[in-house]
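Visitor: Output the structure for:
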Amino acid sequence: NFGSIDGDAPAASRYTEIRMTKLAEELLEDIDKETVPFGWNYDDSLLIPNVLPAKFPNLLVNGSSGIAVGMATNIPPHNMSEVIDGCVELIKNPELTIDELIKIIPGPDFPTAGIIKGTKGIISAYKTGRGIITMKAVSEIVPRKDREDIIVTEIPYQVNKAKLIESVANLVKEKKVEGISDIRDESSREGMRIVIQLKRGENAQVVLNRLHKFTQLQMSYGIIMLALDSKNQPVTFDLKSMLEAFIAHRKDVVTRRCIFDLKKAEARAHILEGLKKALDQIDAIIATIRASKESDIAKQALIDKFSFSIRQAQAILEMRLQRLTGLEREKIENELSEILKHIEWLKKVLASSDEIFKIIVEELENVKKLYGDARRTQIEASDDDEFIDEDLIAKEDVVVSLTFSGYIKRIPLDEYRLQKRGGKGLKGAGSREEDFVWKVFAANTHTTILNFSDRGKIYWLKSYQLPQGSRTSKGKAINNVIQLSNGENVRAVLPVEEFSENCFVVLLTEKGIIKKTPLSAFSRPRPSGLIALTIELDDNLSEAQVSNGSNDILIVTKQGMSIRFDESDVRSMGRGARGVKGITLGKDDAVVGMATLDKDSDGNLLIVTSNGYGKRTPVSEYRRQSRGGVGIITQKTSDKSGEVVSARMVLDSNHLLLSTNKGQSIRMKCSDISVIGRNTQGVRLMNLNEGEFITSVALIEDDDVDDTEGLDS
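Guide: Residues are numbered from 1 along each chain as shown. The predicted structure follows:
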């Protein structure tokens, strides 16, 4: 009863009667079986339980906060499934460390969801009982026409939404935060939605950062895991000791319950034994009862004559005549048999701690099955969590490879041996039949890798953060390296050495939509990624390139069409914009490659097809056209050559690295590839086996590699 998220006051106590949920009843189950001690309330008018039986660790699951004289507690809520899993593991392995428990219970889970930034505060709280975590709202930058909106869908725990909106409005009035034109609350039954509209030309990320700094969109939460122990003394618990206290409590509850059930079962068995004995000599008992003038005399006569106890004699006197039937006799015998078995089981449980723990685990897992849910609060890595001094990391040349299934690794460049055109290639990746190398590029260990997903989001990586492997190693799933959203796949990777203000990122989709954004707009990494390009549902990102703003752009499609136009035909746009049409595609055609080149370039465009054919064609053969046209033929495609899989600008000094769906790779000099015209098939670059095709083409600049013969894998 804390009031509402919109600032409504808590209800008066006369209005707080409730109907308990099924989960609340789990906290009270077995309270009538002498499982917990009772004491008087504040005015000695009512006996109340000192503690609830609690089938699950409610103190952690629901949390608690309060202030007393000289002390305070502030325990955040946690995910029930995770906490129960932690309890079960601790029961099975009492030597479990806090670090191992943190892998099971990674942190608090707030009902308002949101984001916890960093893990230092969580680790401190779980190890010492005290820590400070940073909570952050979930927000999204949404482009609309010539400006952007910030949409907030989740806010930190216990933040008042109405006061939050008011504080943002005050900051705008005081000009502490500029660039906001309007703020409104569009929340409904479907969920929270706070819309912050920005002025034209404002950088949404800059505004959002200032809102994080000055408002409760980002705030600290101090964890103090203070609670009363079994001796009613205040203690600051770490995570393990709190779980141990709950387990000890449940052991006591289950033990008390078994003792209560045992007493009740033994009392019932005693009565049934008396009834069974009475039925065995029912005629004599009836005669004794009939001969007695009063019930008390009859009871005493049964005790004296047949050695019944007082309770047995009373039960016989209260027995109905229908119990004399044969069927009722059988029921009594069956019930007695079941109760004796139950008594035996209860004694077995009380004699063994292992049996008690089995019951605790079974009941915990049942609660999880009935009420467990998925985690709501995200925990994201913070820049402060892990400091890496790049100066201490050697700057080495590497090859970074990414497979179709999303496995990434870096390999020392020396492991790739130069080969002649037409060789069989070296084994380049530990690929399964359903997986193959998809992207390969040269970098160094300090290179920043911009990862663009098929849905137009960008994620950041440093090369040294990638697992180092060999040519035949599998690598690491990229979704374990960067925080991809569900269903997202990396479509383009762009190595960047410096975020120059004079450079641009040119993005191109499979349907020929092109967009140009300043490279500096992507210089501030976020673990959860940012929107780089807004893409239609039936389209995907195809290519990403860096340009200087005054280049020509050359687009190539899988059916061998191409178009060249001035980069100035594509105006610079902000992150999240949709872009403009770059090329008009034919039926079933799609973009496969893009090159950015100087206007007076005399270089060659390298075309590679899926069946291992390729050629170099002078870019002078590609005349400039207007953006958005159909283009001209650049490759004569056929069943023999296959469709175009790659198109890029090359120099004679470049080396070419081809990779196939079977994990084979071959490296050669670009100068060994024939220079021929546009409307031709090309020459064979790599011999392929049946069912094998080219999946990745990478350029490597390396003037120091010896020219050696190609080797079979």
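
Visitor: Please compute how far stretch 65-82 lies from its chain's middle.
Guide: When C-alpha coordinates are averaged (C-alpha atoms, centre = their mean, to the nearest Å), stretch 65-82 and its chain have centres 25 Å apart.

Visitor: Now do that stretch: everything it contacts.
Guide: 56, 59-64, 104-111, 133, 157, 221-227, 234, 367-368, 371-376 (C-beta atoms under 8 Å, 6 or more residues apart in numbering). Using the backbone N, CA and C atoms, a C-beta is placed for each residue, glycine as well.

Visitor: go with 7 Å
Guide: 56, 59-64, 104-105, 108-111, 221-227, 234, 368, 371-373, 375 (C-beta atoms under 7 Å, 6 or more residues apart in numbering).

Visitor: Show only the entries of the residues you listed found in helices.
Guide: Counting by DSSP state H, the contacts of stretch 65-82 place 59-61, 104, 368, 371 in helices.

Visitor: domain ranges for this protein?
Guide: 138-216, 255-371, 394-701 (automatic domain parsing).

Visitor: Between the two ends of the second one, how far is it?
Guide: Taking C-alpha to C-alpha, to the nearest Å, the span from the opening residue of domain 255-371 to its closing residue is 25 Å.

Visitor: low-confidence ranges in the stretch 251-400 of the chain?
Guide: 324, 326-327, 382-393 (pLDDT under 70).

Visitor: if we can go back for a sec, now render the ones in helices among the contacts of stretch 65-82 as TSV, adding neighbour count and distance to Glu244.
Guide: What follows is these, written out as TSV (neighbours: other C-beta atoms under 10 Å; distance: C-beta to C-beta, whole Å):
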residue	neighbour count	distance to Glu244
Leu59	20	13
Leu60	28	12
Val61	20	16
Ile104	18	15
Lys368	19	19
Tyr371	17	23
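
Visitor: which of these lies closest to Ala647?
Guide: Ile104 (49.4 Å; C-beta to C-beta).

Visitor: ok so, going back, which one of the ones in helices among the contacts of stretch 65-82 is nearest Val697?
Guide: Using C-beta to C-beta, the ones in helices among the contacts of stretch 65-82 come closest to Val697 at Ile104, 44.3 Å.

Visitor: who's in contact with the residue nearest to His342 when sequence neighbours are not counted?
Guide: Distances taken as C-beta to C-beta, 6 or more residues apart in numbering place Ala265 nearest to His342, at 5.4 Å, with adjacent residues excluded. Listed by C-beta under 7 Å, 6+ apart, the contact partners of Ala265 are 339, 342-343, 346.

Visitor: Out of the residues you listed, list just those in helices.
Guide: 339, 342-343, 346.

Visitor: The helix or strand Gln545 falls within: partners in the sheet, and parallel or antiparallel?
Guide: If you go by DSSP states H and E, Gln545 is part of strand 541-547. Strand 541-547 has the following sheet partners, assigned by DSSP bridges: strand 504-509 (antiparallel).

Visitor: And the contacts of the strand it pairs with?
Guide: 452, 514-519, 522, 532-533, 535, 539-547, 549, 553, 555, 572, 579, 582, 591, 594, 596.

Visitor: and it, average pLDDT?
Guide: Mean pLDDT, strand 504-509: 93.

Visitor: what about burial for the contacts of stretch 65-82, which qualify?
Guide: 56, 59-63, 104-105, 108-110, 221, 223-227, 368, 371-372 (16 or more other C-beta atoms under 10 Å).

Visitor: List phi and psi for Arg579.
Guide: Heads up, residue 579 is Gly, not Arg. phi 90, psi -180 (degrees, to the nearest 10).

Visitor: That one - how many residues pack around it?
Guide: Per other C-beta atoms under 10 Å, the neighbour tally for Gly579 reads 21.

Visitor: Quick one: residues contacting it.
Guide: 507, 513-515, 533, 573.
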